[in-house]
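1. task: produce atomic coordinates for the following.
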Amino acid sequence: MGGPARTRSLLPAGLRRRLPVRVRQNWKLLTTCTAFLAVLTLVFGTVGVRPYVTSTSDTGADPVTVDVAGTTDLFDATVAHSVRVTFRDADYERMLDAYWKEGEKEYVEADVTIDGVTLPSVGIRLKGNSTLAALTWKGESRPRRGGDPRGPGGPPPGDFPPGGFPPGDPPPGNFPGGGRPQTGGDTGAPQQGGAGFPGGGPGGGMTRAGLKAEEPETLPWLISFDEFVDGRRYQGHREVAVRVSGMGGGSTVLNEALSLSLLADVGEAAQRYAYSSFTVNDRPTTARLLVEHPDEHFADRMDGSGVLYKSLATGSFTDQGDDQTAYQDDFKQITMRGSQDLQPVINLIRWVDSASDEEFDAGLAERVDVESFARYVAMQNLLLNFDDMAGPGKNYYLWYDLGTKKFSVLAWDHNLTFSGSATQGPHDSGGFGGPGGGTRPGGAQLPEGMQPPAGVPLPDGVQPPGGAATEQEDGDAERGRPGGGRMGGHKLKERFLASDAFTEAYENAYRELYRQVYGSGGAGRSLDAITAVLKTVDGADATAVDSDVDRLRTLVQQRTESLRSNEVIAGS
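-> As a prediction, the model looks like this:
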């Protein structure tokens with residue numbers, strides 16, 4: 001008797017032999033599926049799809065396959081750490097080529113050794129926007145399309161380059177406060193300006209050195225442990241930021257370290273940090289500041305269950321309709337992707353944008369943790385943060401508590417703290433769109449002879465010399481661009497500070513935080529502790545450390561004395 005009848009394959013014999021057994025056995029099913037997908041493509045290929053997540057699940061973290069324990073807590077700030085990065089020169093040049101031509105920050109595959117533990121195939125890429133405006137390669141800065149700083153080589157929309165006008169192209173005249181931005185140059189060493197930005201405080205010098213691609217040990221980096229190995233973490237962390245020399249902190253980024261230390265001391269949500277030696281291939285070793293990059297591990301330390309969103313430098317916090325994809329340049333969802341979405345943020349934006357003053361006063365506490373927000377705004381003023389949520393970089397995260405259905409604002413990116421006048425009061429504006437509310441008094445002008453780079457808009461209320469509006473501002477207004485020509489400002493913060501309903505909450509928070517940060521001597525003690533560790537880090541320049549410490553200590557002392565007599569503090 002014959003066996004079961006066999007269906008003859010229609011595939012050519014040569015092709016059948018080259019295909020895996022399972023594919024040969026199920027070729028009909030695969031063919032049918034392929035045909036079905038082709039039909040779907042033809043029928044629905046031109047239909048727009050809007051991504052909405054309807055799940056109310058409070059889970060959604062990416063699976064962790066391996067968590068490397070290491071030998072020492074990476075963010076133990078009381079000890080000196082070591083990081084060694086090794087990558088192929090050819091891969092590094094390909095990365096630079098992609099950034100130079102397309103503005104893409106691609107990852108280089110590297111072996112990274114942290115405190116003696118080696119992790120193979122780690123991703124490392126350039127980090128920053130305006131920070132990289134001072135970067136040169138083979139003596140040349142990145143080209144810009146038609147002189148527009150939003151093209152390759154310039155900051156994205158809304159990102160005024162406080163960290164460096166393009167090398168060789170500083171604006172004429174002086175910066176507000178008497179300082180002058182330092183960019184480019186062939187020194188290769190971080191520089192400390194003598195005057196403050198923008199208010200002239202001792203700790204706020206314009207210190208962005210010329211960054212050279214030939215010196216990777218000095219560049220700003222983002223280290224990703226799972227870029228090439230899915231699900232890998234290092235002590236729970238997906239990413240770590242290697243910070244570049246800051247404004248008020250000189251080459252040691254002391255201002256950021258001090259700010260993060262003080263935020264933690266007063267109980268605010270803050271990224272952890274540590275100082276480490278940093279070596280790339282066979283290049284000289286330098287001392288660098290490592291900062292925790294907010295991710296699901298950072299979110300796990302928050303009270304309750306919630307969603308973490310990152311504000312982007314290209315954002316505007318303006319109502320752009322119901323389509324969530326319209327906000328892709330405004331916010332990035334960090335946690336619970338797939339189980340939660342951007343709708344809570346959109347609802348907040350639309351309410352802040354449309355609520356009357358009476359509705360804002362009555363309804364803010366239903367949507368925002370008012371006490372937490374008052375502390376955030378007060379702390380940014382106390383730290384003289386030029387670039388907080390209302391600054392040009394729009395540096396903040398939103399935490400949406402799924403239990404209370406309220407938002408909290410989390411501070412992020414503190415390399416521009418201590419960069420203003422020591423005499424700035426609780427209700428004073430600081431810088432362009434700074435802590436006091438985002439604008440300067442009407443009619444304010446830039447110093448005579450100073451012009452912003454082509455295409456960089458001025459903040460609201462600030463005019464170029466002579467009072468004429470720039471061509472860029474006129475064009476923005478005509479096109480109805482969200483935010484007009486603003487480099488800074490944030491409607492939530494501005495409305496909060498302008499409302500009498502929240503003045504008491506803000507001043508109470510300010511008074512309490514002043515006592516903890518300055519009145520009790522907390523800032524001085526933190527600076528002493530940080531300095532003691534930094535001096536033990538391999539690659540630290542003792543002379544530079546002493547210089548930066550003296551400058552920052554002077555500003556802290558002046559700020560302490562200036563605020564002591566302020567009516568908000570003295571009148572309590």
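2. what's the burial count for the closest residue to residue 340 other than its chain neighbours?
-> Ranked by C-beta to C-beta, 6 or more residues apart in numbering and with sequence neighbours excluded, the top spatial neighbour of residue 340 is residue 307, at 4.8 Å. Backbone N, C-alpha and C define where each C-beta goes, glycine included. The number of residues packed near residue 307 is 24, by other C-beta atoms under 10 Å.
3. isn't there a strand covering residue 508?
-> No. Residue 508 is assigned helix when assessed by DSSP: H, G, I helix; E, B strand; the rest coil, not a strand.
4. surely it touches residue 374?
-> Yes. Look at residue 508 against residue 374 with C-beta atoms under 8 Å: they come within range, at 7.5 Å.
5. the more surrounded of the two?
-> Remark: of residue 508 and residue 374, residue 374 carries more neighbours, 24 against 16, as counted by other C-beta under 10 Å.
6. what strand or helix carries the more buried one?
-> helix 370-382 (DSSP states H and E).
7. contacts for that helix, please.
-> Under the criterion C-beta atoms under 8 Å, 6 or more residues apart in numbering, residues 263, 266, 268, 364, 388-389, 408-411, 424, 426, 428, 430, 435-436, 493, 496-497, 502, 505-506, 508-510, 513-514, 517-518, 559, 563 lie in contact with helix 370-382.
8. stretch 559-571 too?
-> The contact list for stretch 559-571, computed with C-beta under 8 Å, 6+ apart, reads 201, 382, 384, 422-423, 425-427, 507, 510-511, 514, 518-519, 523.
9. where are the low-confidence patches of this structure?
-> The model of the chain has pLDDT under 70 over residues 1-61, 144-209, 246-249, 430-487, 572.
10. what angle do the helix ranked longest in the chain and helix 370-382 make?
-> Looking across the chain with DSSP state H, the single longest helix is helix 542-564. Compare the direction of helix 542-564 with that of helix 370-382 by axes from the mean of the first three to the mean of the last three C-alpha atoms, to 10 degrees and you get 120 degrees.
11. okay, buried residues for helix 542-564 please.
-> 544-545, 548-549, 551-553, 555-556, 558-560, 562-563 (16 or more other C-beta atoms under 10 Å).
12. cool, stretch 501-509 as well?
-> For stretch 501-509, the neighbour count (16+ other C-beta under 10 Å) marks 501, 502, 505, 506, 507, 508, 509 as buried.
13. stretch 308-328 too?
-> Within stretch 308-328, the residues that qualify as buried are 308-317, 319-320, 324, 327, counting by 16+ other C-beta under 10 Å.
14. and what of stretch 74-87?
-> For stretch 74-87, by 16+ other C-beta under 10 Å, it's 74, 75, 77, 80, 81, 82, 83, 84, 85, 87.
15. same question for stretch 272-284.
-> Of all the residues in stretch 272-284, those buried under the rule 16+ other C-beta under 10 Å are 272, 273, 274, 275, 276, 277, 278, 279, 280.
16. quick one: the second one and residue 290 touch, right?
-> It stands for residue 273. Yes. If you go by C-beta under 8 Å, residue 273 and residue 290 touch, sitting 6.4 Å apart.
17. where do the contact lists of the two overlap?
-> residue 75.
18. ok, back up a step: tell me the one of the buried residues of stretch 501-509 nearest residue 346?
-> Of all these, residue 502 has the smallest distance to residue 346: 23.3 Å, by C-beta to C-beta.
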